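Enquirer: Need the 3D shape of this:
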Amino acid sequence: MSDRIRASGTGRLLTGTAWALLLLGLWLWGRQMADPDPGISSPTTGDVAAVGRPPDAELPPPAPPLGNAGPRRIDIPGIGVQAPVVARGLDRDGAVDPPPFDQAGAVGWWSAGATPGAVGTAVLVGHVDTETRPAVFYKVSTLTPGERVRVAREDGKVAEFTVDDVQVLTRDRFDAQQAYGPHRSGRAELRLITCGGTFDHRTRSYTANVIVSAYLTHTTT
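Expert: Next up is the predicted model:
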């Protein structure tokens, strides 16, 4: 199977096990999230999902970060996503707790971290599928550098991000800095995270995580 996740005819259950892949990195790195150490900042590397980063991709300059304001909705025109964003914490295993399956069309924001548009890395998570149907981030792995992600905020502003990297991190190669760390210090950055790889029927979980990275390039009111 390719890195692009495809549900079977009967669907697949995305269990909490897959989200537990985020546990150690988020717990340790999350303490630095509001004020990241520029000494550990570096461009991400790893397995590239979908098309990945074209070597000659021309991306716009970053926009100045905004102040803090929670997210309300997310719009990803390239894959037809228009979804509410709900604040989420950590589950009992210490991983980011995605929205429940009866809200598989919603996106979860890790509310203890940066707000989308503010300096730092804001983390948004979503299901790839449920037992019966594709979910909100079903097509996230098909995003490519240069595509746009818009987040409507509680202050009435819309933060527009440009995708600059798409990766698939497997369990044995999972690296918290690659997943959550800033690409460049001082920017407002965004991570979209869902499950990827292949579905392991023994553990009833996916073998990897898809990590889409983006940075703030425009603001509207």
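Enquirer: looking at the chain, which helix or strand does the model trust least?
Expert: Each helix and strand of the chain was given a mean pLDDT (mean pLDDT, DSSP states H and E); the minimum falls on strand 47-48 at a mean of 36.
Enquirer: That one: what's the following helix or strand?
Expert: Counting by DSSP states H and E, the next helix or strand C-terminal to strand 47-48 is strand 71-76.
Enquirer: So which elements touch that following strand?
Expert: Counting contacts by 3 or more CB pairs under 8 Å, 6 or more residues apart in numbering; DSSP states H and E, strand 71-76 packs against strand 81-88, strand 120-125, strand 148-153. The C-beta positions use only the backbone N, C-alpha and C, and glycine is treated the same way.
Enquirer: Most tightly packed of these?
Expert: strand 120-125 (a mean of 26; mean count of other CB atoms under 10 Å).
Enquirer: Show me the residue sitting in the middle of this protein in space.
Expert: In the chain, the residue lying closest to the centroid (CA atoms, centre = their mean) is Leu192, at 1.4 Å.
Enquirer: The nearest residue to Gln82 once chain neighbours are set aside and Thr170, how far apart?
Expert: Take Gln82 and drop its neighbours on the chain: the residue closest to it by CB to CB, 6 or more residues apart in numbering is Asp75, 5.3 Å away. Taking CB to CB, to the nearest Å as the measure, Asp75 falls 30 Å from Thr170.
Enquirer: Also Gln178?
Expert: 11 Å.
Enquirer: Same check on Gly78?
Expert: Following CB to CB, the distance that separates Gly78 from Thr170 is 25 Å.
Enquirer: and what of Asp91?
Expert: Noted for Asp91: a distance of 22 Å to Thr170, by CB to CB.
Enquirer: thinking again about what came up before, Gln178 and Thr170: which is more packed in?
Expert: Applying other CB atoms under 10 Å to Gln178 and Thr170 shows that Gln178 carries more neighbours, namely 19 against 16.
Enquirer: so the more buried one sits right up against Leu169, yeah?
Expert: Yes. Counting by CB atoms under 8 Å, Gln178 touches Leu169, with 6.3 Å between them.
Enquirer: where in this protein is pLDDT low?
Expert: Within the chain, the segments meeting pLDDT under 70 span 1-57, 93-95, 174.
Enquirer: Please identify the pairing partners of the longest strand seen in it and their relative orientation?
Expert: As assigned by DSSP state E, the longest strand anywhere in the chain is strand 205-220. Applying DSSP bridges, strand 205-220 is found paired with strand 158-170 (antiparallel), strand 188-200 (antiparallel).
Enquirer: who touches Val125 in this structure?
Expert: Listed by CB atoms under 8 Å, 6 or more residues apart in numbering, the contact set of Val125 reads 19, 88, 96, 98, 107-108, 110, 192-194.
Enquirer: hmm, back to that, check contacts around the residue nearest to Gln82.
Expert: Counted by CB under 8 Å, 6+ apart, Asp75 has contacts 81-82, 149-152.
Enquirer: same thing but 10 Å
Expert: Going by CB atoms under 10 Å, 6 or more residues apart in numbering, Asp75 touches 81-83, 148-152, 158, 160.
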